[in-house]
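In: coordinates for the following, if possible.
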Amino acid sequence: MPVKIRLQRHGKKGKPFYWIVAADARSPRDGKYLDKLGVYNPTVNPAQIELDLDGAVKWLQNGAQPTDTVRAILSYKGAMMKNHLAGGVRKGALTEEQAEEKFNAWVEEKSKKVDSKKEKLSDAKQKVEADALAAEKAVNEKRAAEAAAANAPEVEEVEETPAAEGETVTEEAPAEEKSGIEAAADEAKKETKE
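Out: Residues are numbered from 1 along each chain as shown. From the prediction side, this is the model:
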């Protein structure tokens, strides 16, 4: 019976959630499985992966073939590395202690990379939130200034023009714009008076 390590889909439409299972290659995707090895949630960043490392290595050593996606997940979590080191121990190239030491060093390095990625993501998220808050404050201040200007009483400012020596300056209040008909009527009145 050929065994595959593959993903079994759960969750709802648009929000996938997967179980990592060892199943007969002939069984349906979401059908009967032999062993549940972990879960994979791709909807969060970074993806949430919980894996039974020893169970996955046991199935790999017994000949189970992972699908491409599961191979990437197993490699990410270190199951492929642990299987490779176990093969070296079986052949006599490494001792059990050396293999464990190499695996622990690899896990520490991998955890540092994951932690730095999480920090970058949280910093980027905080920066986006700060920028959005600053933009919102600017918009609110602009609205407040416009509202204050609209509510303030309108005061007409009169510009002073310098007068020539000996002349007195009388300023006329600016007349409201007259329509073309009213302006023509005023000119006609002036002409008739003269």
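In: burial of N83, as a residue count?
Out: 17 (other Cβ atoms under 10 Å). For every residue, glycine as well, the C-beta is placed using N, CA and C.
In: run a quick neighbour tally on the residue lying closest to it once chain neighbours are set aside.
Out: Of all residues not flanking N83 in the chain, L60 sits nearest, at 4.6 Å (Cβ to Cβ, 6 or more residues apart in numbering). Neighbour count of L60, defined by other Cβ under 10 Å: 22.
In: cool, and M81?
Out: Look at M81: counted by other Cβ under 10 Å, it has 18 neighbours.
In: what domains does the record give for the protein?
Out: Listed domain ranges for the chain are 3-79, 95-149 (source: automatic domain parsing).
In: need phi/psi at V39.
Out: phi -130, psi 160 (degrees, to the nearest 10).
In: name the residues that touch stretch 22-35?
Out: 1-6, 8-10, 19, 21, 37, 55, 59, 64-65 (Cβ atoms under 8 Å, 6 or more residues apart in numbering).
In: wait, stretch 73-82
Out: 5, 20, 40, 49, 51, 53, 56-57, 60, 66, 71, 103, 106-107, 110.
In: kindly list the longest helix within this protein.
Out: Assignment by DSSP state H gives helix 96-151 as the longest helix of the chain.
In: please name every helix or strand in contact with that one.
Out: Counting contacts by 3 or more Cβ pairs under 8 Å, 6 or more residues apart in numbering; DSSP states H and E, helix 96-151 is packed against helix 79-91.
In: redo that, cut-off 10 Å
Out: helix 68-77, helix 79-91 (3 or more Cβ pairs under 10 Å, 6 or more residues apart in numbering; DSSP states H and E).
In: which of those helices has the lowest average pLDDT?
Out: Lowest mean pLDDT within those: helix 79-91, at a mean of 88.
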